[in-house]
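Undergrad: Below is the structure, and that's it, no one-letter string:
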């Protein structure tokens, strides 16, 4: 929990991400985000989008109100952890595909 808070604080300070939306509002937006990803995958003939295969977690949104989703693999109390970050620019398709 301490690591999650630290990561959220770091994102807030570095990226200017402000938790401006309540969790129930974000939860409704996650299916909309998945629908958008499905459409993007179909448009590029990448097959089915991977968004629905996992139970995504979220704590906040981007400055544009999109949920910032993440998934934890393995036991959450493990001492050995790896953080994988993936990001997308609108004109770069490859990071999206590799990120998922």
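TA: Structure received. Since the structure is predicted, the reported quantities are computational estimates derived from the model, not experimental observations. Numbers count the residues shown, from 1 in each chain.
Undergrad: what helix or strand is residue 29 on?
TA: Using DSSP states H and E, residue 29 sits in helix 23-43.
Undergrad: contacting residues around that helix?
TA: With Cβ atoms under 8 Å, 6 or more residues apart in numbering as the test, helix 23-43 has contacts from 21, 47-52, 56, 58, 60-61, 65-67, 69, 96, 100. Glycine gets a C-beta too; all of them are placed from N, C-alpha and C.
Undergrad: repeat that for 6 Å
TA: Outside helix 23-43, the residues that touch it by Cβ atoms under 6 Å, 6 or more residues apart in numbering are 49, 51-52, 56, 58, 61, 67.
Undergrad: Of these, select the buried ones using a PyMOL command.
TA: Buried members of the contacts of helix 23-43, defined by 16 or more other Cβ atoms under 10 Å, are picked up in PyMOL with:
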select buried, resi 49+51+56+58+61+67
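Undergrad: what's residue 64 in contact with, if anything?
TA: Taking Cβ under 6 Å, 6+ apart as the definition, residue 64 has no contacts.
Undergrad: follow-up on the earlier one: just the mean pLDDT for the helix holding residue 29, thanks.
TA: The average pLDDT within helix 23-43 is 74.
Undergrad: tilt between the helix or strand following that helix and helix 23-43?
TA: Downstream of helix 23-43, the next assigned helix or strand under DSSP H and E is strand 57-61. Orientation of strand 57-61 against helix 23-43 (axes from the mean of the first three to the mean of the last three Cα atoms, to 10 degrees) gives an angle of 100 degrees.
Undergrad: Count the neighbours of residue 33 for me.
TA: If you count neighbours by other Cβ atoms under 10 Å, residue 33 ends up with 17.
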